[in-house]
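1. sequence first, predicted coordinates after that:
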Amino acid sequence: MGFLDDAQDLLDKGVTAAKGAVSNVAVEQFGYMKAFVRMCADGAQAGWHEGNGGNLSYRLTLEEVANTRSYFYTTPSSWVMLDRAFENLAGEYFALTASGCSMKSVALDPKRFVGIIEMDSRGCAWRIVWGFKDGGKPTSELLSHLECQSVRKRVTDGVSRVVYHAHPTSVIALSKIVGPDACRLSNMLWKAMTECVLFFPEGVGALATYVPGSEELARATKEAMEDFAAVVWVNHGLLSTGAGFDEAFGLESVIVKAADIICASSSLSRALGYEDAAPYTMTGEDVRAIARQYNLELRADFVED
Ligand code: 2HA
Ligand code: ZN
């Protein structure tokens, strides 16, 4: 190789390295990616993500895609076919946590533990355009995320962008007692504290025990998400959705707090020898009164007195 060839080679490598270095920094500096990474850390800090439990997805806005595009891989991964088409997700881009990653590690190396996928023009295949460095791939619950993203996008006229899944102890404990009964679960949560009906007047869905990551779980979740912004997976955890990161995390936090209160008050009442688990708990009328005052669309047929 002559001097000129060597020089060109160095130049090519330098340009590639420089672009890589810039892109590493840049995508992580975008507001949506910072918020994504912070939410993973917040969930881990809250104790909702033992081991590699939980996952997060975010549907990028057109502006975010335009700003991020120059940092996408020159050669994206090959397309991965899905079993069905998600027509209303055609051409969308999603940031997702990586399969097997621990939420507490996401902030340490976002380009490894987060990736961005592009959906093809028919919504029936995806490919990696950024992140998932060192051979990573999207969360094992990718199908559930796509089903939720698709339904929530439709029922909220495009407003919903975040799907968050965590394993909060009290919610899983409560799910063992209540089971897959959305009406009973919603009543218990609404009546645990006044904040609940303000956050989820439509109630919370509840699904039976399914194999994590399975098509059956994704399909059942899709049906529940037609009616509810949050769904409990019995014996497994909780999914919350929202327009932005704060909204989805806020919804998750309110449900977890209500479940904490139910667990705490029932064990306190037992310890004190009370017959009733919570003699002063809210009534159906208390729930209706809050909904009336704040003009909320309460799922009135659910409310039990
Ligand atoms: O391990 O939470 O539901 C990730 C999960 C699967
Ligand atoms: Zn899980």
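-> It's in. Ligands and ions are numbered 1, 2, ... in the order given.

2. any idea how far residue 50 is from residue 63?
-> Noted for residue 63: a distance of 36 Å to residue 50, by CB to CB, to the nearest Å. (Each C-beta comes from the backbone N, C-alpha and C, glycine too.)

3. the host helix or strand of residue 198: how far from the chain's middle?
-> Per DSSP states H and E, residue 198 falls inside helix 195-199. Centroid separation for helix 195-199 versus its chain: 20 Å, with CA atoms, centre = their mean, to the nearest Å.

4. shaky segments in the chain?
-> Counting by pLDDT under 70, the chain has low-confidence residues at 1-25.

5. just the helices from it, written as ranges.
-> With helices called from DSSP state H, the chain shows them at 3-29, 31-45, 62-68, 110-113, 142-155, 169-178, 182-192, 195-199, 215-225, 245-271, 284-293.

6. circling back to that earlier point, what about residue 63 and residue 50, which has more around it?
-> Per other CB atoms under 10 Å, whichever of residue 63 and residue 50 has more neighbours is residue 50, with 14 against 9.

7. quick one: contacts for the more buried one?
-> Taking CB atoms under 8 Å, 6 or more residues apart in numbering, we find residue 50 in contact with residue 167.

8. so who does residue 152 touch?
-> 160, 163, 225, 229, 241.

9. nearest to residue 102, of those?
-> Residue 102 lies nearest to residue 163 out of the contacts of residue 152, by CB to CB, at 18.8 Å.

10. mind putting the helices of the chain in TSV, distance to residue 234 included?
-> Shown next, in TSV, are the helices of the chain (distance: least, CB to CB, whole Å):
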stretch	distance to residue 234
helix 3-29	36
helix 31-45	20
helix 62-68	35
helix 110-113	28
helix 142-155	15
helix 169-178	4
helix 182-192	9
helix 195-199	19
helix 215-225	11
helix 245-271	13
helix 284-293	23
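
11. format those as CSV; extra columns: distance to ligand 1.
-> Below are those laid out as CSV (distance: least, CB to the nearest ligand atom, whole Å):
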stretch, distance to ligand 1
helix 3-29, 23
helix 31-45, 11
helix 62-68, 25
helix 110-113, 13
helix 142-155, 8
helix 169-178, 11
helix 182-192, 19
helix 195-199, 23
helix 215-225, 8
helix 245-271, 13
helix 284-293, 31
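
12. can you get me a residue count around the nearest residue to residue 142 once chain neighbours are set aside?
-> Nearest non-adjacent residue to residue 142, counting by CB to CB, 6 or more residues apart in numbering: residue 96, 7.0 Å away. Look at residue 96: counted by other CB under 10 Å, it has 27 neighbours.

13. for ligand 1, what's its nearest residue on the chain.
-> Residue nearest to ligand 1 within the chain: residue 212 (4.0 Å; CB to the nearest ligand atom).

14. list the residues that contact that residue.
-> By CB under 8 Å, 6+ apart, the neighbours of residue 212 are 140, 141, 236.

15. which of those residues are close to ligand 1?
-> 140, 141 (CB under 6 Å from any ligand atom).

16. of the contacts of residue 212 - the most surrounded one?
-> Highest count within the contacts of residue 212 by other CB under 10 Å belongs to residue 141, 27 neighbours.

17. now for the residue nearest to the spatial centre of the chain: which residues touch it?
-> The centroid of the chain falls nearest to residue 164 when counting by CA atoms, centre = their mean (1.3 Å). If a contact means CB under 8 Å, 6+ apart, then residue 164 has 39, 43, 54, 56, 239, 240, 241, 242, 248, 249, 252 as its contacts.

18. so the fourth one touches residue 162, yeah?
-> Pointing back at residue 56 there. Yes: Residue 56 is within contact range of residue 162, at 7.4 Å (criterion: CB atoms under 8 Å).

19. returning to that earlier point: include neighbour count when you put the contacts of residue 152 into JSON lines, please.
-> Formatted as JSON lines, the contacts of residue 152 follow (neighbours: other CB atoms under 10 Å):
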{"residue": "160", "neighbour count": "23"}
{"residue": "163", "neighbour count": "27"}
{"residue": "225", "neighbour count": "25"}
{"residue": "229", "neighbour count": "24"}
{"residue": "241", "neighbour count": "28"}
